[in-house]
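> the sequence and its predicted three-dimensional model are supplied below.
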Amino acid sequence: MTEQLGSSGWTVTEARGVIAQLRHVATEGPEYDGVELFLALSEYLDQLYGGHGFDVLLVDPERAALAGAIGEQRSRRAGAGERLEQPVNSAVTLAEGRALAGALESAEGWQHQLGLALHALYTYLDQLYGGPGAFTELLTSEERNRVASG
């Protein structure tokens, strides 16, 4: 397990705490969307992790086991109509969030760190979903429960 969240300079726990506090600073625009997306994706990972909660990035073999459980749930889907492309607590889709992370990364100050943290979450979720660019949809709540209990 690793606590460092990509190249953001923050651990997972630090990023979650700082970004939650930024909710009071970022009240509109892309910064607000970035904060809300980061928090929504963290909550999504909380659900996938089950009772442990998302406070570290898993490394093999734990990451491989979680990735396998996610892949199994995705392969069970009956049709494309079940795709969830936007976290409930976010104004942006997952695809828009990737672009937003890049835009924030090129900013200065805390916005830059937020962009780096978002980018790290996308990279991690891509790994869990099977490779670069693979994280394009969310599991349903039922699927998340099955992953977490597995």
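On my side now, so go ahead.
> can you tell me the SS state at the residue nearest to the spatial centre of the chain?
Nearest residue to the geometric centre of the chain (C-alpha atoms, centre = their mean): Leu41, 3.5 Å. Under DSSP: H, G, I helix; E, B strand; the rest coil, Leu41 falls in the helix class.
> find the nearest non-adjacent residue to it, please.
With sequence-adjacent residues excluded and distances taken as C-beta to C-beta, 6 or more residues apart in numbering, Leu41 is closest to Leu121, at 5.0 Å. Every residue, glycine included, has its C-beta placed from N, CA and C.
> swap in Leu45?
Nearest residue to Leu45, sequence neighbours excluded (C-beta to C-beta, 6+ apart): Phe54, at 3.7 Å.
> same question, Trp110
Among residues not flanking Trp110 along the chain, Leu22 sits closest, at 6.6 Å (C-beta to C-beta, 6+ apart).
> ditto for Ala148
Spatially, and ignoring its direct neighbours in sequence, Ala148 is nearest to Gly50 (3.4 Å; C-beta to C-beta, 6+ apart).
> that neighbour contacts Arg144, correct?
No. Between Gly50 and Arg144 there is no contact under C-beta atoms under 8 Å: 9.1 Å.
> contacting residues for Gln127?
Gln127 makes contact with 63, 67, according to C-beta atoms under 8 Å, 6 or more residues apart in numbering.
> that one: which element?
Per DSSP states H and E, Gln127 falls inside helix 110-129.
> buried ones in that helix?
Buried positions in helix 110-129, judged by neighbour count with 16 or more other C-beta atoms under 10 Å: 110-111, 113-129.
> any idea of the mean pLDDT for that helix?
Mean pLDDT, computed over helix 110-129, is 96.
> over to stretch 25-43?
Stretch 25-43 comes out at a mean pLDDT of 92.
> now for Val25, how many residues are close by?
10 (other C-beta atoms under 10 Å).
> and for the one 10 residues further on?
By other C-beta under 10 Å, the residues close to Val35 number 26.
> and for the one 4 residues further on?
Number of residues near Leu39 (other C-beta under 10 Å) recorded here: 18.
> show me the contacts for it.
Residues near Leu39 by C-beta under 8 Å, 6+ apart: 16, 19-20, 23, 89.
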